[in-house]
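In: Return a 3D structure for these sequence lines:
(2 chains)
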Amino acid sequence: MREFGGITLLLAALCLALPASVGAQMEFSLDEVEDEEPNRAARDKAGKDAKEEGDLIEQLAAEKEVEGPEEPGLAREETVEEIYAVQQIYALRLKRFELAPSAAFTVNDKYLRHPGLGVSANYWFTNVLAIGVNFIWYDWGNPLERGTTLVEQIQRSFRLGVPINEWQFGLWANFTYVPFYGKFSMFRKFLFQWDSYLIGGVGFMRTKPIPVFDPELREFNWDMRVSFNVGIGLRIFLTRYLTFFTEFRDYMFLEQFENVSVDPANRDDPSTWLADSSTFFNNLTVQFGFTLFLPIKFEYRLPK
Amino acid sequence: MIKLAPQTLLRISITVAVASCLLLGDGLRSGTHSASAQEVHVTGPLADKPAVMKLRLWRKNRLQLEPFFAFTFGDDYSRALIFGAEIRFSFLDWLGIGGWGGGSFVNLNTDLTRQVRDKGVTTNRNRLSLPSRENFPDQVGRMNWMAGVDAHFTPFRGKLAMFQKVFFDADLDFFVGAAFLGISERSDTSIQVAPDGTQFCDPPAMDTMCLGSQLARSKRVAIAPSFGVAFTAYFKEFMGLAIRWRAFPFKWNTGGTDEAGPDGNFPDGRIDSTDRQGQFNQMMSIGFIFVLPPKIKTTD
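Out: Numbering: from 1, shown residues only, chains lettered A, B, ... in the order given. Take a look at the predicted model:
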């Protein structure tokens, strides 16, 4: 009986201790995972590769050396789960709307400045693909007040007139794709996320010639030009829903300029006022603006 | 009161001692950094780590050599294609100095130059600016070579994922300095009227219709501020790629025309330094970076 009591106490003590031991087996830390890693050579290689490729995540997972004896060869066949600590993407775009007001500046028109105010709206149907529209308004007052000195110089020095057109607005439907995603540190203290995207689409520009060669008679109406655009952009996340972005876009369209020659016999004939053929025009534009992602909050769906 | 035999007491004592050791040992372990399953999200390997670990010092105490190809853009009459090289040494990972230089192997006429050549009109009023439209491409200003020194400031650095497959380090390099531009312009001249009413330029002496002055060139070195930004990506410890925008605004007579005169006296019938106009000259370059020593150092 006394012995039974002793055994009972022993079992009771073991029962008290056993859950703790089992619990210890269910806990895992980075050290344990690395201790159970059987293939040291493979990990060393992975670490070297990660270092060469600049992958911090793999490097972190591979950097700690294993202490103790080598596992026997048979253990190399075992499957070992590796745990990677992966930082969540700072801001998901999936199923969010993007509203982006911007200012646009044409950089390649030497004769007339075309400042514009624009807005774009996109819907992200994957985390890297979006469909949307953008609109730019260019018509601000007398366009001749936005002419450069080069026009006067050409007229004065070479006795040449320069056909110039004014623009009213442009409207395009676009696809956006985000192939580049990264983060920068500033002075090794502040981290900010950014991405770079490709954009392209089709739409139209509404333009009309400014009468230069026979302004007394000639008068033009606004007309639509089919326009394509491609571009590349950079977006810096200020918060998870607010970004600053800049874009370099090429809005291409077939422009109809004024006829540089005047037929004295048919001077008042509107069919002679325009040039015989259209001119392929590249409107290279730099845009700056802010992006608001809606809804402001989003949830990660973690794998179970 | 129950009395236990010494042997039983010994067994009980051993049992309690073993159990206590197990419990105490587990308790001590629980009190340490060992993570439970619930705590993994909190105490992952990135927890309590600095913002950047094993930071690769791409520039500190290293020499960067960069052969590059560049082209000017936004030019009115002529753009230059340039081959050159840049050398930089960085005292710190974010601060360095460098020098660069290059020569233009081709100068391309812009569409405006071609249009003036094809359609320009010469009259007595603009004879000095355009003696003949056929030779207009020979009177415009050209960049022949360029060189400069810069201070480089690299506050932003990080890494980039491309298509979520390829990862590489990248940084933004801001620089400011001085540029020295070897340019050729139309030589100074002035237009005059002979007693018989014909126009001629001088110099060259008695240049009838200014045709000789249109082809006369003079060279000089212009000094300009230079600044810009480069995006640099590193693919190997000793090699990278740089895409650079550089601006170097200065005054020069790009068209070889009479544009201004002293005291607002315009046109003054002379082509000289007063006709130089401020131009915001820009160029883009792409270059391969080779770094010495080839082995890179990292922080803790």
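
In: Tell me the backbone dihedrals of the closest residue to residue A:257 other than its chain neighbours, please.
Out: In space, and not counting its chain neighbours, residue A:257 is closest to residue A:163: 4.1 Å by C-beta to C-beta, 6 or more residues apart in numbering or on different chains. In short, each C-beta sits where N, CA and C put it, glycine included. Dihedral pair for residue A:163: phi -70, psi 130, per degrees, to the nearest 10.

In: list the contacts for residue A:163?
Out: Residue A:163 sits next to A:209, A:212-213, A:257-258, A:260, A:275 when contact means C-beta atoms under 8 Å, 6 or more residues apart in numbering or on different chains.

In: That one and residue A:274, how far apart?
Out: Residue A:163 is 10 Å from residue A:274, where distance means C-beta to C-beta, to the nearest Å.

In: next one: residue A:248
Out: Residue A:248 sits 31 Å away from residue A:274, going by C-beta to C-beta.

In: Could you do residue B:197 as well?
Out: Per C-beta to C-beta, residue B:197 is found 42 Å from residue A:274.

In: Name the residue in those two with the higher neighbour count.
Out: Higher neighbour count among residue B:197 and residue A:274: residue A:274, with 17 against 7, using other C-beta atoms under 10 Å in any protein chain shown.

In: what bridges to that one?
Out: On the basis of DSSP bridges, residue A:274 is bridged to residue A:258.

In: Show the contacting residues for the residue in the stretch 201-304 of chain A that chain B sits nearest to.
Out: Per C-beta to the nearest C-beta, residue A:260 is where the stretch 201-304 of chain A lies closest to chain B, at 8.5 Å. By C-beta under 8 Å, 6+ apart, the contact list for residue A:260 reads A:161, A:163, A:213, A:275.

In: Check what pLDDT the last one gets.
Out: I take that to be residue A:275. pLDDT, residue A:275: 93.

In: residue contacts, it?
Out: Applying C-beta under 8 Å, 6+ apart to residue A:275 gives the contacts A:163, A:256-260.

In: Please enumerate the helices of the chain.
Out: Unless you meant another one, I'm taking chain A. Secondary structure of chain A (DSSP state H): helices at A:2-26, A:30-36, A:40-53, A:56-62, A:149-158.

In: Sorry, I should have been clearer: chain B.
Out: For chain B, helices defined by DSSP H occupy the ranges B:6-31, B:111-119, B:211-215.

In: what about residue 246, how many residues close to it?
Out: Looking at chain A here, since you left the chain open. Number of residues near residue A:246 (other C-beta under 10 Å) recorded here: 14.

In: The chain in question should be chain B.
Out: The number of residues packed near residue B:246 is 23, by other C-beta under 10 Å.

In: How about it, nearest residue that isn't a chain neighbour?
Out: Nearest non-adjacent residue to residue B:246, counting by C-beta to C-beta, 6+ apart: residue B:228, 3.8 Å away.

In: if I look at the one you found, how far off is chain A?
Out: Noted for residue B:228: a distance of 15 Å to chain A, by C-beta to the nearest C-beta, to the nearest Å.

In: Enumerate every residue touching that residue.
Out: Taking C-beta under 8 Å, 6+ apart as the test, what residue B:228 contacts is B:174-175, B:244-247.

In: Quick one, which of these are buried?
Out: Neighbour counting over the contacts of residue B:228 (16 or more other C-beta atoms under 10 Å in any protein chain shown) leaves B:175, B:244, B:246-247 as the buried ones.

In: Now do residue B:235 against chain A, distance only.
Out: Going from residue B:235 to chain A by C-beta to the nearest C-beta gives 9 Å.

In: That residue: neighbour count?
Out: A total of 16 residues lie near residue B:235 under the criterion other C-beta under 10 Å.

In: any weak-confidence spans in the stretch 51-200 of chain B?
Out: Within the stretch 51-200 of chain B, the segments meeting pLDDT under 70 span B:51-52.

In: can you do 80?
Out: The model of the stretch 51-200 of chain B has pLDDT under 80 over residues B:51-54, B:164.

In: Ok, the stretch 201-304 of chain A next?
Out: Applying pLDDT under 80 to the stretch 201-304 of chain A picks out residues A:298-304.

In: What residues does it have near chain B?
Out: Contact residues (C-beta under 8 Å from any C-beta of the partner chain) of the stretch 201-304 of chain A with chain B: there are none.

In: Any quick ChimeraX command for the buried ones out of the contacts of residue A:163?
Out: Applying 16+ other C-beta under 10 Å to those, the buried members can be selected in ChimeraX as follows:
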select /A:209,212,257,258
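
In: Greatest separation within the contacts of residue A:163: which pair is it?
Out: A:212 and A:275 (12.1 Å; C-beta to C-beta).

In: Against residue B:120, how distant is the nearest residue to residue B:118 once chain neighbours are set aside?
Out: In this structure, residue B:118 finds its nearest non-sequential neighbour in residue B:133, 7.4 Å apart by C-beta to C-beta, 6+ apart. For residue B:133, the distance to residue B:120 (C-beta to C-beta) stands at 4 Å.

In: Now list whatever residues contact both of those two.
Out: Counting by C-beta under 8 Å, 6+ apart, the shared contacts of residue B:133 and residue B:120 are residue A:158.

In: how about the strands of chain A, start to end?
Out: A:97-106, A:116-124, A:129-137, A:164-186, A:190-210, A:223-237, A:242-255, A:279-294 (DSSP state E).
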